[in-house]
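In: take this sequence and fold it.
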Amino acid sequence: MDVEEHIEALERDGAALADAAQDAGLAAKVPPCPGWQVRDLLRHIAYVHGWAATHVAEQREELIAEVSEDDMLKGGPPDERLIQAYRNGHAALVATLRAADPDVKCVTFMPAPSPLAFWARRQAHETAIHRFDAQAARAAATSRGPVSPADAFAPAFADDGVDELIMGFAARRRYRPRGGQREQSMAIRALDTGGRWRVRLSDGATEVTRGDGAADCVLDGSAAGLYAYLWNRCDWAMAGVTASGDPAVLDTWANSVRVIW
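Out: Okay, the predicted model is just below:
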């Protein structure tokens, strides 16, 4: 996917997130995010959108210091203005990315072809995952059936999201297993797109590669199902994912590669 495709996805999913949040109501629970209400989801994603836009617009050379989740959820406008404030911030992020010079120089925190490519991709997937959360909240609040990953994510976009999660986030030192974890490995196979990845989890580091290979546990499924499952948004059954081999590897993944900010 190129930069414009990611920006288009960000624009589309950000609008769908706001619509789902409005339908659900700010007090609705967010099933994939235990303890959150829709208002918390909106405050979180609004903050992240503003945080991301500032790096690009101001060409920051260093990452803006992270705030605690508690402080993030206490900030922002009052409830009566929250949805519109989110919409305004989302539109500002889309406009910032679209107006940016393709060669803009600013900080990133994962490998990418360019800073603009990094921020467009990162915000596209950040927003898509939280759009799924908002739609799950709406489904629960309105007694609709659960949201299916297959209906929520296009295969190519989901494949790209799995790749970002594994080759980007999982490789970061902050997400490695801890506590004397024995070495484990996992292979991920997207059957509809052909995407293939392998992860080696250990106490010292997490190593990632693209391609097939033997592993202690093998995950097979659609790209959309793998995307939702690996982001800890649903269980393997709801995702339509099958696992063979050692199931303990899945617990290690869920407990270590958990992106919460």
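In: hey, let's count contacts and neighbours off CA atoms from now on
Out: Will do.
In: over the helix or strand encompassing A139, what's the mean pLDDT, rounded is fine.
Out: Following DSSP states H and E, the helix or strand that holds A139 is helix 115-141. Here helix 115-141 scores 97 as its mean pLDDT.
In: which helices and strands sit right next to it?
Out: helix 3-24, helix 38-57 (3 or more C-alpha pairs under 8 Å, 6 or more residues apart in numbering; DSSP states H and E).
In: how is the protein partitioned into domains?
Out: 3-147, 156-256 (automatic domain parsing).
In: show me the shaky parts of the stretch 151-261 of the chain.
Out: Counting by pLDDT under 70, the ranges of the stretch 151-261 of the chain that qualify are 173-176, 178-181, 258-261.
In: which residue ranges form the helices in it?
Out: 155-163, 223-230, 236-239, 248-256 (DSSP state H, counting those that start in this stretch).
In: could you dump the domains of the chain into CSV with mean neighbour count added?
Out: Formatted as CSV, the domains of the chain follow (neighbours: other C-alpha atoms under 10 Å):
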stretch, mean neighbour count
domain 3-147, 18
domain 156-256, 19
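In: what residues does the nearest residue to R121 once chain neighbours are set aside make contact with?
Out: By the measure of C-alpha to C-alpha, 6 or more residues apart in numbering, the closest residue to R121 outside its immediate chain neighbours is H6, 5.4 Å from it. For H6, the contact set (C-alpha atoms under 8 Å, 6 or more residues apart in numbering) comprises 120-121, 124.
In: among those residues, which one sits closest to A170?
Out: R121 (16.0 Å; C-alpha to C-alpha).
In: surely that closest one meets V3?
Out: Yes: if you go by C-alpha atoms under 8 Å, R121 and V3 touch, sitting 7.1 Å apart.
In: in the sheet, who's paired with Q37?
Out: Beta bridges link Q37 to K29 when assigned by DSSP bridges.
In: residue contacts, it?
Out: Counted by C-alpha under 8 Å, 6+ apart, Q37 has contacts 26-30.
In: let's go with 10 Å and repeat that
Out: Taking C-alpha atoms under 10 Å, 6 or more residues apart in numbering, we find Q37 in contact with 21, 24-31, 134, 137.
In: how about TSV for those residues, with distance to G168 added?
Out: What follows is those, written out as TSV (distance: C-alpha to C-alpha, whole Å):
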residue	distance to G168
A21	29
A24	32
G25	34
L26	32
A27	33
A28	32
K29	30
V30	26
P31	26
A134	25
A137	28
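In: now, which of the residues you listed sits nearest D159?
Out: Nearest to D159 among these, with distances taken as C-alpha to C-alpha, is A134, at 21.2 Å.
In: could you measure from T252 over to S185?
Out: For T252, the distance to S185 (C-alpha to C-alpha, to the nearest Å) stands at 10 Å.
In: mutual contacts of the two, please.
Out: 201-202.
In: chain center to the helix holding A139: distance?
Out: Here the centre of helix 115-141 is set off from its chain's centre by 6 Å, with C-alpha atoms, centre = their mean, to the nearest Å.
In: and what of stretch 25-42?
Out: Relative to its chain's centre, stretch 25-42 lies at 16 Å (C-alpha atoms, centre = their mean).
In: what about that stretch, how long is it end to end?
Out: 11 Å.
In: need the overlap of contacts for R121 and V3.
Out: Common contacts of R121 and V3 (C-alpha under 10 Å, 6+ apart): A9.
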